[in-house]
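K.L.:
Return atomic coordinates for the entry below.
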Amino acid sequence: MRFLMFSSFFLLVMTLMNIYIWRRFFKVILHNRARGLVSVPIILMLGDLFFILDIATGIIPDSPALYMMTSSFVGITFMLFVVAVIYDLLITVSGRVPFDQSRRRVLKMIFDVTMLIAAASYLLRGFSQGIKFPEVNQVRVKVKDFPFERFNLVQLSDIHVGRTIKRDFVEKLVSQTNQLNPDLVVITGDLVDLPVSQIEYDLYPLKDLRAPAYFILGNHEYFHGPGEAIGYVRQLGIIPLLNNHVMIGKGNKQFNLVGLNDVIGASTGLFPPDAAKAYSKVDQNKPCIVLAHQPRMINELDEYRCDLMLSGHTHGGQIFPFGLLIMTAQPYIAGLHRHARGRQIFVSRGAGYWGPPLRFLAPSEISQVIIQPA
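P.N.:
All right, here's what the predicted structure looks like:
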């Protein structure tokens, strides 16, 4: 029932977007000179429908190229809708300026050409950033009473190994991570985008991570079997932190690493988040680095010490301005922020992507977090 409601809402939104794209963009620009272009939103709508049907039924054959093509329809629909809204606003505003008809025609022609070029550039840039391998984003964070002069932590988030992100990507990601010589690697959820039984071969290179590695659940693990994901990462030598903590370091040089299950577990009843359990044996006199997939979990830790939270989930918005919508559900979209009571949170834009292989103003990243004493 939950998926049926999501699918219905998704298709309704996509339908309205495609109608708007035709009526307020293509039709206004081209008038009656190219009625055949009505096929563009129709094809996009069919692609959007095919995409959601595949999520429900797995109808698309196991072909990365085919899945990449069908999922792209969703991103193209959204991006053309953004361009159409901007174009509509420009035409509406310019229509109220007291120009004579000849000047108005010239102005509209300029708008038409500009927006067609903008639409093409927007899409091309989105695809080029979407398929680009993630670059290293180094962030320096100062933590009160931190016991190490310089602690090199690498965060990998939202890799989404599945239909299009395969073993070669994971191998390169592991190689790049090892080159950074981290003291610790954390994988902050959404590692998988298919049942693990279908992608064991693709995930296997993670065993070559040279630094100690820890893993927490993201919402996509719940879609594809969290227990299976937990069991397999253990086989790869990666330690799951399921509402649990470990002490990092030795002697008087130690800090807490706390892992929380994803908030979606509260609604599914499977591996729900439990901060009380995670902190039950934590020495809160020592610094606490917290792993939580969704940034909004920082609002659930008022009773507990949290010097720095490491999160993902948002993809930095993935396709600007989609991040503005994400801000209605998450307090932070990307980067390092200071929260209430001196707490800090870093939100990774993620190493992979979900759905369309598109990113715009939200490049993927391998997050290198250098932690030093304040």
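
K.L.:
Name the next helix or strand downstream of the one helix or strand residue 119 maps to, please.
P.N.:
Under the criterion of DSSP states H and E, residue 119 resides in helix 101-130. Using DSSP H and E, the helix or strand that follows helix 101-130 in sequence is strand 135-143.

K.L.:
How far does that following strand sit from its chain's centre?
P.N.:
Offset of strand 135-143 from its chain centre (C-alpha atoms, centre = their mean, to the nearest Å): 18 Å.

K.L.:
Low-confidence regions, the stretch 1-150 of the chain specifically.
P.N.:
Residues of the stretch 1-150 of the chain that meet the criterion pLDDT under 70 lie in 1, 31-36.

K.L.:
quick one on the thing from earlier: the helix holding residue 119: how far from the chain's middle?
P.N.:
28 Å.

K.L.:
which other helices and strands contact it?
P.N.:
In terms of contacts (3 or more C-beta pairs under 8 Å, 6 or more residues apart in numbering; DSSP states H and E), helix 101-130 is packed against helix 27-30, helix 64-94. Heads up, the C-betas are built off the backbone N, CA and C, glycines and all.

K.L.:
Now do the first one: everything it contacts.
P.N.:
Okay, so that is helix 27-30. 37, 38, 87, 88, 91, 112, 115, 116 (C-beta atoms under 8 Å, 6 or more residues apart in numbering).

K.L.:
ok, now with 6 Å
P.N.:
With contact meaning C-beta atoms under 6 Å, 6 or more residues apart in numbering, helix 27-30 is reached by residue 112.

K.L.:
Can you name the element that comes right after that helix?
P.N.:
Immediately after helix 27-30, counting by DSSP H and E, sits helix 39-57.

K.L.:
Check the offset of that following helix from the chain's centre.
P.N.:
22 Å.

K.L.:
Now that helix: buried residues?
P.N.:
40, 41, 44, 45, 47, 48, 49, 51, 52, 54, 55 (16 or more other C-beta atoms under 10 Å).

K.L.:
can you list the residues that contact it?
P.N.:
By C-beta under 6 Å, 6+ apart, helix 39-57 touches 7, 10, 14, 18, 21-22, 59-60, 70-71, 73-74, 77.

K.L.:
TSV please, covering the helices and strands packed on helix 101-130 and showing distance to residue 147.
P.N.:
Formatted as TSV, these follow (distance: least, C-beta to C-beta, whole Å):
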stretch	distance to residue 147
helix 27-30	62
helix 64-94	45
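
K.L.:
Quick one: closest of those to residue 361.
P.N.:
helix 64-94 (11.8 Å; C-beta to C-beta).

K.L.:
so what's the most centrally placed residue in the chain up against?
P.N.:
Central residue of the chain (C-alpha atoms, centre = their mean): residue 315, 2.4 Å from the mean position. Counting by C-beta under 6 Å, 6+ apart, residue 315 makes contact with 158, 349, 350.

K.L.:
now, which of the residues you listed sits nearest residue 124?
P.N.:
Nearest member of these to residue 124, counting by C-beta to C-beta, is residue 349, at 20.1 Å.

K.L.:
what about stretch 332-343, how long is it end to end?
P.N.:
13 Å (C-alpha to C-alpha, to the nearest Å).
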